[in-house]
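1. requesting a structural model of the entry that follows:
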Amino acid sequence: MTVAQIRQQFFDFFQSKGHQIVSSAPMVVKNDPTLMFTNAGMNQFKDYFLGYQKPTSLRVANSQKCLRVSGKHNDLEEVGVDTYHHTMFEMLGNWSFGDYFKEEAIAWAWELLTEVYKIPKDQLYVTVFEGDASDGVPMDNESFDIWKKFIAADRIILASKKDNFWEMGDTGPCGPCTEIHVDLRNPSERSQTDGKLLVNADHPQVIEIWNNVFMEFNRKADGSLQALPSKHVDTGMGLERLAMALQAKQSNYDTDLFQTLINFIATKANVPYGQNEEKDIALRVIADHIRAIAFSIADGQLPSNNGAGYVIRRILRRAVRYGYQTLGLKEPFLCELSVVLSELMGQPYTELLNQKELIFKVIKEEELSFFRTLELGIKRIDDLILQLKAAQQSQISGAAAFELYDTYGFPLDLTSLIARENNLSIDEAGFEKELQIQKDRSRAATNVSTDDWIEVRPDVQTRYVGYDIKECVVEMIKYRKVSQKGKSFYQVVLDQTPFYAEGGGQIGDQGVLSSQNEQIVIFDTKKENNLIVHLCTEIPAAPELQFVAKVNLSKQQQTAKNHSATHLLHHALREILGTHVEQKGSLVTEKGLRFDFSHFSKVNDEQLIAIENHVNEAIKAALPLVEERSMSIDEAKQKGAMALFGEKYGEKVRVIEFGPSVELCGGIHVQNTNEIGIFKLVTETAVAAGIRRIEAISGDAAMNYYKEKAQQLEQIEDLLKKPKDILKAIEALQSKNQALEKELERLAKMQAQQLKNELKGEIKEFNGYHLLIKEIKTDAASAKDILFGLRQEFEPFVGVLAHKETDKCGLTILLDETLAAQNNWNAAQWIRESASLIQGGGGGQSTFATAGGKNPSGLQAALQMIQNKLSEQ
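-> Residues are numbered from 1 along each chain as shown. So this is what the prediction gives:
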């Protein structure tokens, strides 16, 4: 039975039990500050557990894409080393939202495993929560009694809070759980050691296969438990582990899905799988990581230097390092593997097929970039080794090893290997210290502390009214204090609000909450788990009063112009560049707009003009806003509405139309395109392979842009004394400037020639060759020309010039090739060592090297250092 068949059987079973089969949520989380990635199947249903939203179906099942590489649930370092941990994995799950509970959940789990999947009952064990006095939660006797209907009591194991009380984080929904474990050892091993003794003991063949969590509580910030409004069932079964059991394998990586990926890379690297543990780990890491990388890109998350993008880049580079270091792969290989993955998992995950070309290009560009970084790292470590040997030192410092790790992507073991090859050691304690400093700094930058909610009006729901009104009377439902980066502010939830919460690329509204006695400034509005929260620096003295909530209308109106212009821009791009263009990200503020889109080449000037004209024509056409606030997702797609990858849509969506532009969107818009006024493209740049970015302005900002340009033009005319044809006047000025530059260049060469002639008298005979060591006033280019000119007249020749010009200074070394080889001289090494004396750096080849610096007072000391090296020979 293949992985695909196992997944489908799960769907079919729970569909027969009245469950709605729903699609996976995106792996990259939005609107939840407590999570960066979906790390469990229940993440997308968190609002149902907390009572913030009501589900359309009380019973659902799905296979959720999950990623565990950061935070509490972090499996990264174990991936590939053992046989069952992964970064990205599929979590099969069934949920009940206040419908069935323990009786049905346990019975169906047993039925599916033993009657449908046919796992032998004598290979299964179950665990039940033993209770925890500190939380005041008793033993789960109900689950214990239900299990006794299906399995012998001696195969039911009581387990502690650590193993059998599930929590997704420090705060949030939680509850006791019952786990099903399977013993995959052969009969001989099972007869020698009771599997019961190996449950929860990290045995690779006695593993948890299914976890049934009974969500009853919400963990508050103070550590206490609060009963949830309703009791829910949340189950999770790792598809990869289930496949291992059903395919009778000893490792998840031996199942059909992973073997296809592993065999592709093994063939490319020309190494067999299963014969060398070090190479096997590398193959497993790569096979695992390509799934995390490709699915993230398909969900709209590109590799980058911060946030979720940094995590994806880190995973990608980890895979490349294993291929480079262990398998000898020196050319891009992950991009090719992504194509295999897309074909392998394109059903049911069609986003992989739809985005196959983009995924390939993004990964390939990232690989090429990292290979270049690795080459720079190798040069850097070569320089370190030269410096250490010159100083007669034998250890690479922890700081230097960390620089190689942090800047060039060198893992410590790769640096150690190169060090050992050169009879050097590494200060590992110093490296660990630097690593911990970075972790502490990163943790401090991202750490958010939230107090518990203070309820003002319990059980009151909130609603958004901002599409129709911008000012209304409101009441406060609850508030809490938040601390981040050393600053504190408050989050406030209102019964109704005209404030738009940040989402869909549009920034959140600002405004005020006013009463007769005070006014509170709302500096931002965000959405957390679909709960609209208003951010302010203080709380009203009397939160129980009524307030007037008023949006900063001028700021919102300008933001609305930019948002509507973004829709027109998206349509223009697809009309002019082609329908392959898809939105990959956006930012809409009152100042302007930024739009990222898929396109595989630079947008040329002619196309940019056409795009800008297309948008302005739509503005001039005075297209009215046509808004559908509650259209079925299927009807919206039939209408041609653009849906974005990486977004999770409900059954009902909001559709925004401006003429031929039709998009799913929850943002604020103008009522007619003529309100936008004017649209101006500002820049077009590359973001990543296959991703372009346009930045633009509209409305008042665009008008001011043209006013500034007109003023600048008038100033230029004044400077040129108001010529009849300003373009011809500028061209004449440029021609005159070019002629003057040539004249200056001619004079500089004459000056250099004169200086060269003067320096001939400074050349001395030294150890059988002609030597010039001198400090002069000139630039680096002239110093180079002088030395190469003198070499043609004096043979053999060695020249060292220290030069300074205004606030710049530098060193230039030219060595005779024969002398350098005979005496083991290295100009590049000498220049690096002496450059520190002028507070600079440099490099070059063994016979010619240069350095620049900012401390001219160190030039004489640098010349003396090089003189000493020549004298040592």
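2. quick one: contacts for the residue lying closest to Glu805 once chain neighbours are set aside?
-> Leaving out its chain neighbours, the residue that sits closest to Glu805 by Cβ to Cβ, 6 or more residues apart in numbering is Asp779, at 4.8 Å. Just so you know, the C-beta spots here come from the backbone N, C-alpha and C atoms, and that holds for glycine as well. Going by Cβ atoms under 8 Å, 6 or more residues apart in numbering, Asp779 touches 803, 805, 808.
3. among these, which one has the lowest pLDDT?
-> By pLDDT, Glu805 ranks lowest within these, coming in at 82.
4. test my guess that it contacts Ala781.
-> No: counting by Cβ atoms under 8 Å, Glu805 stays clear of Ala781, with 10.2 Å between them.
5. coming back round to it: which one (most neighbours) among the contacts of Asp779?
-> In terms of neighbours by other Cβ atoms under 10 Å, the contacts of Asp779 top out with His803 at 25 neighbours.
6. which residue, other than its chain neighbours, is closest to that residue?
-> Nearest residue to His803, sequence neighbours excluded (Cβ to Cβ, 6+ apart): Ala783, at 4.6 Å.
7. just the CA atoms of the host helix or strand of Ala851, as PDB, please.
-> Assessed by DSSP states H and E, Ala851 sits inside strand 848-853. Extracted C-alpha coordinates of strand 848-853, given in PDB (Å, rounded to 0.1, in the frame of the first residue of the first chain):
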ATOM      1  CA  PHE A 848      50.700  41.400  -6.900                       C
ATOM      2  CA  ALA A 849      48.400  42.700  -4.100                       C
ATOM      3  CA  THR A 850      46.800  45.900  -2.900                       C
ATOM      4  CA  ALA A 851      45.200  47.200   0.200                       C
ATOM      5  CA  GLY A 852      43.100  50.200   1.100                       C
ATOM      6  CA  GLY A 853      42.800  51.800   4.500                       C
END
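8. just for the stretch 551-700 of the chain, where's the confidence low?
-> Within the stretch 551-700 of the chain, the segments meeting pLDDT under 70 span 645-647.
9. for it, what spans make up the helices?
-> Under the criterion DSSP state H, counting those that start in this stretch, helices of the stretch 551-700 of the chain are mapped to 553-576, 605-620, 633-638, 699-719.
10. which of these is buried the deepest?
-> Looking across those with neighbours counted as mean count of other Cβ atoms under 10 Å, the highest average goes to helix 553-576: a mean of 23.
11. against Leu417, how distant is Leu327?
-> From Leu327 over to Leu417 the distance is 15 Å, taken as Cβ to Cβ, to the nearest Å.
12. contacts only, for the residue positioned nearest the centre of the chain.
-> Of all residues in the chain, the one closest to the mean position by Cα atoms, centre = their mean is Gly309, 0.8 Å from it. Going by Cβ under 8 Å, 6+ apart, Gly309 touches 301-303.
13. in the stretch 251-400 of the chain, mark out all the strands, start to finish.
-> 395-396 (DSSP state E, counting those that start in this stretch).
14. how many neighbours does the closest residue to Leu302 other than its chain neighbours have?
-> Leaving aside its sequence neighbours, Leu302 sits nearest to Ala688 (Cβ to Cβ, 6+ apart; 5.0 Å). Counted with other Cβ under 10 Å, the neighbours of Ala688 add up to 20.
15. hey, what's Ala688 bridged with?
-> Ile691 (DSSP bridges).
16. can you check Asp183 too?
-> Val206.
17. so it sits against Thr193, correct?
-> No: using Cβ under 8 Å, Asp183 is not in contact with Thr193; the gap is 9.7 Å.
18. between these two, which has more neighbouring residues?
-> For Asp183 versus Thr193, neighbours defined as other Cβ under 10 Å are more numerous around Asp183 (22 against 13).
19. so for the more buried one, what's the pLDDT?
-> pLDDT recorded at Asp183 is 96.
20. who's in contact with it?
-> Shown in contact with Asp183 (Cβ under 8 Å, 6+ apart): 123-125, 190, 195, 198, 205-206.
21. repeat that with 10 Å
-> By Cβ atoms under 10 Å, 6 or more residues apart in numbering, Asp183 lies in contact with 120, 122-125, 189-190, 193-196, 198-199, 203, 205-207, 245.
22. what about the chain, any weak spots by pLDDT?
-> Scanning the chain for pLDDT under 70 picks out 31-34, 70-77, 443-447, 645-647, 873.
23. hmm, back to that, and the residue nearest to Leu302, how far from Gln301?
-> Noted for Ala688: a distance of 11 Å to Gln301, by Cβ to Cβ.
24. find residues that contact each of Asp183 and Thr193.
-> Residues touching both Asp183 and Thr193 by Cβ under 10 Å, 6+ apart: 203, 206.
25. give me the buried positions along stretch 485-494.
-> Neighbour counts over stretch 485-494 (16 or more other Cβ atoms under 10 Å) mark 490-494 as buried.
26. now, which of those residues lie within helices?
-> When helices are assigned by DSSP state H, not one member of those lies inside them.
27. filter the residues you listed down to the ones in strands?
-> 490-494 (DSSP state E).
28. looking at the residues you listed, which is nearest Thr38?
-> The closest of those to Thr38 turns out to be Gln491 (Cβ to Cβ; 23.0 Å).
29. still on that earlier bit, which SS class is the residue nearest to His803?
-> Using DSSP: H, G, I helix; E, B strand; the rest coil, the secondary structure recorded for Ala783 is helix.
30. shouldn't it be in contact with Phe848?
-> No: look at Ala783 against Phe848 with Cβ atoms under 10 Å: they stay out of range, at 11.5 Å.
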